[in-house]
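> what's the 3D shape of this:
(2 chains)
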Amino acid sequence: MTMHPFRRRQDISHGDALDEWLNTRTSGSGTTPNEPEGESLPGAAQEFHAWADNAQERDPAATGPADDLWNRILAGRGRLQVDPAHNEWSDGDMDTTIQAPMVERVPPQSNRTKRVQQEAQSSRAGGWLNAVAAALLLLSLGGGAYLASNGGFGFGGDGDEGRYAAQVVSPEASPAGGDAVCDVEPLTTDQIVAYVENPYSYMPDDVFGTPAPGNFSQTLPSIDLIEAVDVQMAPSTGQGEVPDDATFEDVRSVARQYLACMYNGTAAQVLTFLRPQEIQDIVFQNLPVYRTEEDVRDFVESVRDMRFGDLNPWLRPVGASVALGEQRIFVNPESTDARVFQARRFEGLEDSDKLAFIGLEYHDEAGEVIGLTGWDGTPLVGGHEQTNGGGSLVFVHSESTDTWYFFRHNSPWG
Amino acid sequence: VRAYRIETDNNEVTRAAEPYDEVAWIQAAKCDPIAFAPIYERHATQVYRYCFRQTGDPDLANDLTAKIFVRALEKLHQYLPRPGATFRSWLFTIARSVITDHWRRHRPLRLVDERELALVDGDPGPEEVAVHRSEVEELRRVLDALPERQREIVELRLAGLTTNEIAAAMEMTVAGVKSAQTRAYSRIRELMTHRAGDAR
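As a prediction, the model looks like this:
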C-alpha cells in the first residue's frame, strides 16, 4: 500500500490551524482570532460558531437559566418542577401541596414480588388461553366500548377464571376510575432509607464490585458508577421480541398492580414498583443539598402513607402523570403483542436485562373506552388525539431481584 | 473593591474583592455554599446553554442545570486543581455525567425516524420542509449527526472550553481531542454545505 505522507501532514496542519483558531476564540483573552479562509476548516468552524451563537442569542429559551435558579438550588430544590395544572413554575412547597390522605390504606397482604410470582405461576399454563378468552369475552359482550361503559376491566382478579374477565362496576361505585385494590406490601421506612443511602447496595458484588459506602449528602453512586461503565447507547430500540408466555404474564401482572397502586395506593406502596436508584432520585429532589439521614427519614415518614394520587407531581415517577389526569389508563386486555427488548448496558440500567413494552386501554371520565394502544403506542381503537398521547407502559427486569419495575410511560408522540 | 450581594431566602453573601478570584471563592464555598454564588453566576449561562442544546427544552435545561450545580456543590470538597485542568473543565465533567445519566434514564424509547436522519443529510421530505423549526433545533440536528464523542467535543467548544479543558473534562489526551475535533468540524463543514444548498 502506498503511503501519502504529504497528505497526512496537510491534515495535521489543518487540524492545528483549527485548534489554534478555536482556542483563541474561546480563551477569553480578548484577542480576536484571525479571519480564516472561508473554505478552510477554521473558516467552516467560524461560520458554524457564528451561526450557533446567533441562533442561541435569538432564541429567548436558549439564552440563559431561570432568574431564580440559584436561589432554588441553594434552597435545596435541586430540581425545578412545572406544575402541570398551571403550566408554570412552581416552588414545589411540600407543606402546601401535599394534602391529607383521602382514603384509608388497604392493609398489606403480601409483598409485590411474591404476589406477582404466585399469580404468574398459577396462570402461566393458561396465559395465552386467557388472552384469547379475554378477546372472546370482549366480542361476546359487544366490544370494548360496551364493557367500558359498565366500568371497564378490573385488575384484582385472582386465579384463572376471573383473571381477565370484565368486571361490571358502576361509575358511581368507582368515581376515581377504578376499584382495583393496591394490596402490595409497602416498603418500610427503613427499606426506603437504605435505598436512599445506597441504591446499589442490593446488587450483588460481582456487578460493580463492593458497593460504594452510603452517604446521604451525596449522589455519588450515580455519578461514579456511570463514569465507570461504558454503556453503549443504543440508537434504536429495534423490533424486539414477542415475550414468551411466562414473561408476558409477569409483566402484565406487575402492570396491573402498578396501575392499581397509582390510583389507590400509598406512596410507600408505589415505591415498591420503582428501582432503588429512582427512589433515591425522587427523595433527593425534595430535600436540601445538605441532608442527613434524619432528614431523609423525616421526609419518608411524612409522605409514605399518603395516597399517591394526592401527592404533588414531583413525587411521582417519571412519566406517571398521564395516569392521574382526567383520563384513566388500564392495561390493554388485547395487548398480546407486547414486546421485550434487551436492556443490558442500556439506558443506565446497570442491573437490568430486559425492557418490556405493554399496551394500554384508555377510559374517559365516564368509563368509556376511548382508545387502545399496542406495545408501541400505535392506536388500535381511536386516534391518539383521543388517547392522551397514546403510548405504552415500559417495565425493566432486574436480574438481581428477579422483579419487574416500572420504568416509564412511553409515548411515541412525545 | 466592589460590594457584591447575592440574596437568598435568609442568607446573603458579600463579595469582598474584585476581580473575580475563582480559587478564593472555591475555598470559601467549601466552607459555606453561599460563597458558591459568584462561581454559579460566572458559569451558569454556559452550563444552561450546554443543557439546552442537548435537550431543546428550557424547563428540562433548567432542571439539569440545577442538578449539575447541586452535584458540584456536593462534590466541591473533592475538587483539587490539576495541571492543565480548570474548575470549568471539572464542572463540565459533572455536566456530562448528569446529562448522560439523564439520557440513560429518560431518553425517549422510540424507533429511529429515518426521515430525521435524512434531513440532516440534506434530503428533507416535503413534510419536513413544511414544518418550521427554529435555528436552535437545526443546530441540534447538525450536532446529532456527529458521532457521540465528536459531538461532545463540539458541545464543549460551544460552551467555551479550550482544548486542554476538553481533554480534562473528557479524560482524553490533547492529541485525541484535536484529532476528533478535526473530524467533527470536517463533518460540520459538509453539513453546513448541505444546509446552504438547501437554503438556496
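
> So residue A:340: helix, strand or coil?
For residue A:340, the assignment made with DSSP: H, G, I helix; E, B strand; the rest coil gives strand.

> what bridges to it?
Beta-bridge pairing for residue A:340 (DSSP bridges): residue A:241, residue A:356.

> Pull the contacting residues for it.
Listed by Cβ atoms under 8 Å, 6 or more residues apart in numbering or on different chains, the contact partners of residue A:340 are A:240, A:241, A:242, A:243, A:247, A:354, A:355, A:356, A:357. Yep, even glycine has a C-beta here, placed from its N, CA and C like the rest.

> Next, count neighbours for the third one.
Here the neighbour count serves as a burial measure; for residue A:242 (other Cβ atoms under 10 Å in any protein chain shown) it reads 13.

> Kindly report the same for residue A:329.
26.

> now residue A:50
By other Cβ under 10 Å, the burial measure for residue A:50, its neighbour count, is 10.

> which other residues reach the helix or strand where it lies?
Using DSSP states H and E, the element containing residue A:50 is helix A:41-58. Applying Cβ under 8 Å, 6+ apart, the contact partners of helix A:41-58 are A:14-15, A:17-18, A:20-22, A:25, A:33, A:35-38, A:62-63, B:49, B:53, B:134-136, B:138-139, B:142, B:157-158, B:182, B:185-186, B:188-189, B:192.

> ok, the spatially closest residue to residue B:187 that is not a sequence neighbour to residue A:199 distance?
Distance criterion Cβ to Cβ, 6 or more residues apart in numbering or on different chains; nearest residue to residue B:187, sequence neighbours excluded, is residue B:146 at 5.9 Å. Going from residue B:146 to residue A:199 by Cβ to Cβ, to the nearest Å gives 33 Å.

> How about residue B:87?
For residue B:87 relative to residue A:199 (Cβ to Cβ), the value is 29 Å.

> Neighbour count: those two, which is higher?
residue A:199 (23 against 19).

> any idea how far chain B is from the more buried one?
Distance from residue A:199 to chain B, counting by Cβ to the nearest Cβ, to the nearest Å: 12 Å.

> coming back round to it: report the buried residues of the helix holding residue A:50.
Within helix A:41-58, the residues that count as buried by 16 or more other Cβ atoms under 10 Å in any protein chain shown are A:41-49, A:51-52, A:55-56.

> What is the nearest of those residues to residue A:375?
residue A:55 (37.7 Å; Cβ to Cβ).

> for the record, mean pLDDT for stretch A:73-84?
For stretch A:73-84, mean pLDDT is 46.

> Equivalent analysis for stretch A:188-202, please.
In the prediction, stretch A:188-202 has an average pLDDT of 84.

> ok, the residue nearest the centre of chain B - contacts?
What sits nearest the mean C-alpha location of chain B, by Cα atoms, centre = their mean, is residue B:50, with 2.7 Å. Taking Cβ under 8 Å, 6+ apart, we find residue B:50 in contact with B:92, B:95, B:99, B:155, B:156, B:158, B:159.

> need the strands for chain B, in chain order.
Counting by DSSP state E, one finds strands in chain B at the ranges B:5-7, B:12-14.

> Among these, show the one with the smallest mean pLDDT.
Looking across the strands of chain B, the weakest by mean pLDDT turns out to be strand B:5-7, at a mean of 41.

> Would you mind measuring from the residue nearest to the centre of chain B to residue A:71?
21 Å.

> how much space is there between the closest residue to residue A:392 other than its chain neighbours and residue A:261?
Once flanking residues are discounted, residue A:392 sits nearest to residue A:357: 4.7 Å by Cβ to Cβ, 6+ apart. Residue A:357 sits 20 Å away from residue A:261, taking Cβ to Cβ as the criterion.

> for residue A:310, same thing?
In terms of Cβ to Cβ, residue A:310 sits 13 Å off from residue A:261.

> can you check residue B:141 too?
The value you get for residue B:141 to residue A:261, if Cβ to Cβ is used, is 40 Å.

> do the same with residue B:26
45 Å.

> Settle it for me: which of these two has more neighbours?
Taking neighbours as other Cβ under 10 Å, residue B:26 and residue A:261 compare with residue A:261 leading, 29 against 17.

> is the helix or strand the more buried one falls within up against chain B anywhere?
According to DSSP H and E, residue A:261 maps onto helix A:245-264. No - Helix A:245-264 does not reach chain B (Cβ under 8 Å from any Cβ of the partner chain); its nearest approach is 15.1 Å.

> Tell me the first helix or strand C-terminal of that helix.
Beyond helix A:245-264 toward the C-terminal end (DSSP H and E), the next one is helix A:267-270.

> What's the first helix or strand after that following helix?
helix A:276-284.

> and whichever helix in chain B runs longest, what does it pack onto?
Ordering each helix of chain B by length in residues (DSSP state H) puts helix B:174-199 first. Helices and strands touching helix B:174-199, by 3 or more Cβ pairs under 8 Å, 6 or more residues apart in numbering or on different chains; DSSP states H and E, are helix A:5-26, helix A:41-58, helix B:135-144, helix B:148-158, helix B:163-170.

> Minimum distance to residue A:296: which of these has it?
Using Cβ to Cβ, the helices and strands packed on helix B:174-199 put helix B:163-170 closest to residue A:296, at 31.4 Å.

> what's the angle between the closest one and helix B:174-199?
100 degrees (axes from the mean of the first three to the mean of the last three Cα atoms, to 10 degrees).

> related to what we said a few turns ago, as TSV, the helices and strands packed on helix B:174-199 with mean pLDDT and distance to residue B:44 would be great.
Listed next are those as TSV, based on pLDDT from 0 to 100; distance: least, Cβ to Cβ, whole Å:
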stretch	mean pLDDT	distance to residue B:44
helix A:5-26	69	18
helix A:41-58	86	15
helix B:135-144	80	18
helix B:148-158	88	16
helix B:163-170	87	17
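
> Isn't residue A:339 up against residue A:378?
No - counting by Cβ atoms under 8 Å, residue A:339 sits too far from residue A:378 to count as a contact (11.6 Å).

> Tell me which of those two has more neighbours.
Between residue A:339 and residue A:378, counted using other Cβ under 10 Å, the more crowded position is residue A:339 (21 against 15).

> how close does that one sit to chain B?
11 Å.

> Equivalent analysis for residue A:64, please.
From residue A:64 to chain B the distance is 4 Å (Cβ to the nearest Cβ).

> which stretches of the stretch 101-250 of chain A aren't confidently modelled?
The stretch 101-250 of chain A contains residues with pLDDT under 70 at A:101-179, A:201-240.

> now do the stretch 301-414 of chain A
Ranges of the stretch 301-414 of chain A meeting pLDDT under 70: A:312-328, A:333-337, A:342-352, A:382-390, A:410-414.

> Likewise for chain B?
B:1-20, B:104-134, B:195-200.

> one more time with 80
B:1-25, B:27-35, B:74-75, B:77-85, B:100-137, B:148, B:171-172, B:194-200 (pLDDT under 80).

> from memory the residue nearest to residue B:187 sits against residue B:188, does it?
Yes - at 7.4 Å, residue B:146 and residue B:188 qualify as touching, with contact defined as Cβ under 8 Å.

> hey, what's in contact with both of the two?
Common neighbours of residue B:146 and residue B:188 (Cβ under 8 Å, 6+ apart) are residue B:154.

> Looking at these two, which one has more neighbours?
Neighbour comparison, residue B:146 and residue B:188: the larger count goes to residue B:188, with 24 against 21 (by other Cβ under 10 Å).

> List the residues that contact the more buried one.
A:44, A:45, A:48, B:142, B:146, B:154.

> what comes up buried for stretch B:45-57?
Applying 16+ other Cβ under 10 Å to stretch B:45-57 flags B:45, B:46, B:47, B:48, B:49, B:50, B:51, B:52, B:53, B:54, B:55, B:56 as buried.
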